[in-house]
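> predicted model, plus sequence, below.
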Amino acid sequence: MKRYIVILTLFVAWLPSCSPALKVTSDYDRTADFAKYKTYALAPESQNLPVNELNKRRLLGEIEAQMAAKGFTKGGGR
């Protein structure tokens, strides 16, 4: 019985370390008139996300889908 408790304790302690910490932040100029904007570009840093390639494609694809749904088109980068 003690063995199962030890194994369960180790598993519960190990479990949080499985998911990578991904910090999401946003910032924008609250005085900007976004009605004037028609295009967007992803920052070069978006290619260096701390996630695997599959999840990076999912994240960037969803960003592009949401921007297209709002009427923006993808333009050139900086």
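That came through, no problem. Residues are numbered from 1 along each chain as shown.

> neighbours of residue 28, how many?
7 (other Cβ atoms under 10 Å). Every C-beta, even on glycine, is put in place using the N, C-alpha and C of the backbone.

> show me the shaky parts of this protein.
Across the chain, the ranges flagged by pLDDT under 70 are 1-2, 4, 6, 8, 10-22, 76-78.

> in a helix, residue 54, correct?
Yes - applying DSSP: H, G, I helix; E, B strand; the rest coil, one finds residue 54 inside a helix.

> any idea how many residues pack against it?
Neighbours of residue 54 using other Cβ under 10 Å come to 8.

> now the residue positioned nearest the centre of the chain: closest residue in space that isn't a chain neighbour?
What sits nearest the mean C-alpha location of the chain, by Cα atoms, centre = their mean, is residue 59, with 5.4 Å. Nearest-residue entry for residue 59: residue 49, 6.7 Å, with adjacent residues in sequence omitted and distances by Cβ to Cβ, 6 or more residues apart in numbering.

> now the terminal residues of stretch 64-73, how far apart.
Stretch 64-73 has its terminal residues 9 Å apart, counting by Cα to Cα, to the nearest Å.

> picking up where we left off before, what helix or strand is the residue nearest to the centre of the chain located in?
For residue 59, the element it lies in under DSSP states H and E is helix 53-69.

> check which helices and strands the following helix or strand past that helix sits against.
Going down the chain from helix 53-69, the next helix or strand is strand 73-74, by DSSP H and E. When contacts are defined as 3 or more Cβ pairs under 8 Å, 6 or more residues apart in numbering; DSSP states H and E, strand 73-74 packs onto strand 39-40, helix 53-69.

> so can I have TSV of the ones you listed showing distance to residue 75?
As requested, those are exported to TSV (distance: least, Cβ to Cβ, whole Å):
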stretch	distance to residue 75
strand 39-40	3
helix 53-69	10
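
> nearest to residue 24, out of these?
Checking those against residue 24 by Cβ to Cβ gives helix 53-69 as the closest, at 9.6 Å.

> list the helices and strands the closest one packs on?
Short answer (3+ Cβ pairs under 8 Å, 6+ apart): helix 53-69 packs on strand 73-74.

> apply 7 Å and report the result again.
Helices and strands touching helix 53-69, as assessed by 3 or more Cβ pairs under 7 Å, 6 or more residues apart in numbering; DSSP states H and E, are absent.
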